[in-house]
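prediction below, plus the sequence it came from.
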Amino acid sequence: MNRILVIGATGQIGVELVPVLREMCGADNVVAAEHAERLPDDIRTAGPFTSVDVTDYGQVEAALREFKVDAVFHLASVLSALAETRREQAYRVNFNGLYNVLEASLANGVKKVIVPSSIAAFGPESPRDSTPNDTVQRPTTIYGISKVLGELMGNYYQAKLGLDVRGVRLPGIVSWKAEPTAGTTDYAVEIFHGAIEQGHYTSYLKPDTYLPMMYMPDAIRALTMVAEADSNRLLHHADFNVNSMSFTPAQLADAIKAKMPDFTIGYDIDPMRQDIADSWPNSLDDSAARAEWDWRPRYNLDTMVDDMLKNLQARLRKVGTGPGGNETRRAAGS
């Protein structure tokens, strides 16, 4: 990868992926694309940036041509819970936006496109435990359907049109740098803010809701590793399972209580997000990623909790966010 465009750079993943890519490839070679939200100042000042609305083919193509892009990370997406209430917007961004990126990339000589998928691509008919990489996929959400489309379209463009499209099915992502606001697994980030700022958190998922999760550094590694993988080893392309850890809200709360004994948790169940979570896997079989590009996670529940608490406490002290604080947070995730 020489010249990279990151679409959706203001999201939870984008704000952490862009600095890593700039360190790997050189700051001037990674273009951060914003749309509805302004990029953080540290990203805007550290390298090139532009504005791209993925629902507008002309804007996508203009960015590819202006910056002579040869690789794209397409992260723009309307997330699971929000997509259920904003179906028209989700269709324009998740479906039409994907098509625009793939077609513009094909037409303008882009060599590689990375399109993250999600555990949302599975549904209630998929095996729940160690969900195979290749199995039935009948998701019950707009977001999940869009992720299956992304996998199928990516594999189609790779096999039939020669565009190198790759992707991983990410679990719920936990990050201390930015908090998602429209995903089903967001509780696993919000709970840390609650623990530090109020000493309490009210979960919208049931205490025994078991879901695959991943700490952000591992998610970034998965995306960069699959992008850099030797194409001669790949049997899959846009649809790799990547597994890290699985836990319930109650188990995560216990892990936090081990470090903050006064922390308490309560439950006020959101039926929509609970239904979504109940349709997703408990864990993923990621043997294909391990065999084809040597994937291995580095974090487990305990090491993630330690790192989250240390870094989030430092960040909130720096920005002056304490109990009842009102910090602006950015979205993206499962």
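Happy to help now that I have it.

how far does stretch 101-113 sit from the chain's center?
21 Å (Cα atoms, centre = their mean, to the nearest Å).

next, the distance between the ends of it.
9 Å (Cα to Cα, to the nearest Å).

and it, what's buried?
Going by neighbour count (16 or more other Cβ atoms under 10 Å), the buried part of stretch 101-113 is 101-105, 108, 110, 112-113. Heads up, the C-betas are built off the backbone N, CA and C, glycines and all.

narrow those residues to those in strands?
112-113 (DSSP state E).

return the subset of the buried residues of stretch 101-113 lying in helices.
Here DSSP state H is the test, and those give 101-105 as lying in helices.

reformat those as a markdown table; add pLDDT and distance to residue 27.
As requested, these are exported to a markdown table (pLDDT from 0 to 100; distance: Cβ to Cβ, whole Å):
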| residue | pLDDT | distance to residue 27 |
| --- | --- | --- |
| 101 | 98 | 23 |
| 102 | 98 | 27 |
| 103 | 98 | 29 |
| 104 | 98 | 24 |
| 105 | 98 | 23 |
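
considering these, which is situated nearest to residue 261?
Checking those against residue 261 by Cβ to Cβ gives residue 101 as the nearest, at 47.8 Å.

and the gap between the closest one and residue 220?
For residue 101, the distance to residue 220 equals 20 Å [Cβ to Cβ, to the nearest Å].

what about the stretch 201-334 of the chain, any weak spots by pLDDT?
321-333 (pLDDT under 70).

repeat the analysis, applying 90 as the threshold.
318-334 (pLDDT under 90).

phi first, then psi, for residue 52.
Main-chain torsions, residue 52, degrees, to the nearest 10: phi -140, psi 120.

wait, doesn't it sit right on residue 32?
No - contact between residue 52 and residue 32 fails when scored by Cβ atoms under 8 Å: they sit 9.9 Å apart.

what about residue 177, which SS state?
Of the three states, residue 177 takes coil according to DSSP: H, G, I helix; E, B strand; the rest coil.

would you confirm that it contacts residue 318?
No - here residue 177 does not reach residue 318: they are 11.7 Å apart, not a contact under Cβ under 8 Å.

among these two, which residue is more densely surrounded?
Applying other Cβ atoms under 10 Å to residue 177 and residue 318 shows that residue 177 carries more neighbours, namely 16 against 8.

just give the nearest non-adjacent residue to that one, would you?
Using Cβ to Cβ, 6 or more residues apart in numbering and skipping residues adjacent in sequence, the residue nearest residue 177 is residue 16, 5.7 Å away.

got the contact list for that neighbour?
175, 177-178, 216, 220 (Cβ atoms under 8 Å, 6 or more residues apart in numbering).

of the residues you listed, closest to residue 309?
Nearest to residue 309, judged by Cβ to Cβ, of these is residue 175 at 13.1 Å.

measure how buried the residue nearest to the closest one when sequence neighbours are not counted is and give me the count.
Across the structure, with Cβ to Cβ, 6+ apart as the measure, the residue nearest residue 175 apart from its sequence neighbours is residue 216 (3.9 Å). Residue 216 has 24 neighbours, counted by other Cβ under 10 Å.

shaky segments in the stretch 51-200 of the chain?
Across the stretch 51-200 of the chain, the ranges flagged by pLDDT under 90 are 79-81, 177-184.

tell me where it has strands.
Along the stretch 51-200 of the chain, counting by DSSP state E, counting those that start in this stretch, strands occupy 71-74, 112-114, 117-118, 164-166, 168-170, 172-174, 200-203.

next, format the ones you listed as CSV and append distance to residue 5.
Below are those laid out as CSV (distance: least, Cβ to Cβ, whole Å):
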stretch, distance to residue 5
strand 71-74, 5
strand 112-114, 10
strand 117-118, 19
strand 164-166, 15
strand 168-170, 19
strand 172-174, 21
strand 200-203, 37
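
closest one to residue 271 among those?
strand 200-203 (13.6 Å).

next helix or strand past the closest one?
Once the chain leaves strand 200-203, the next helix or strand it forms, by DSSP states H and E, is strand 211-215.

that next one packs against which elements?
Secondary-structure packing of strand 211-215 (3 or more Cβ pairs under 8 Å, 6 or more residues apart in numbering; DSSP states H and E): strand 172-174, strand 245-247, helix 301-319.

now the end-to-end length of stretch 290-299.
Stretch 290-299 end-to-end distance (Cα to Cα) = 16 Å.

then stretch 36-49?
Where stretch 36-49 begins and where it ends lie 14 Å apart, using Cα to Cα.

if anything else comes up later, I'll come back, but that's it for now.
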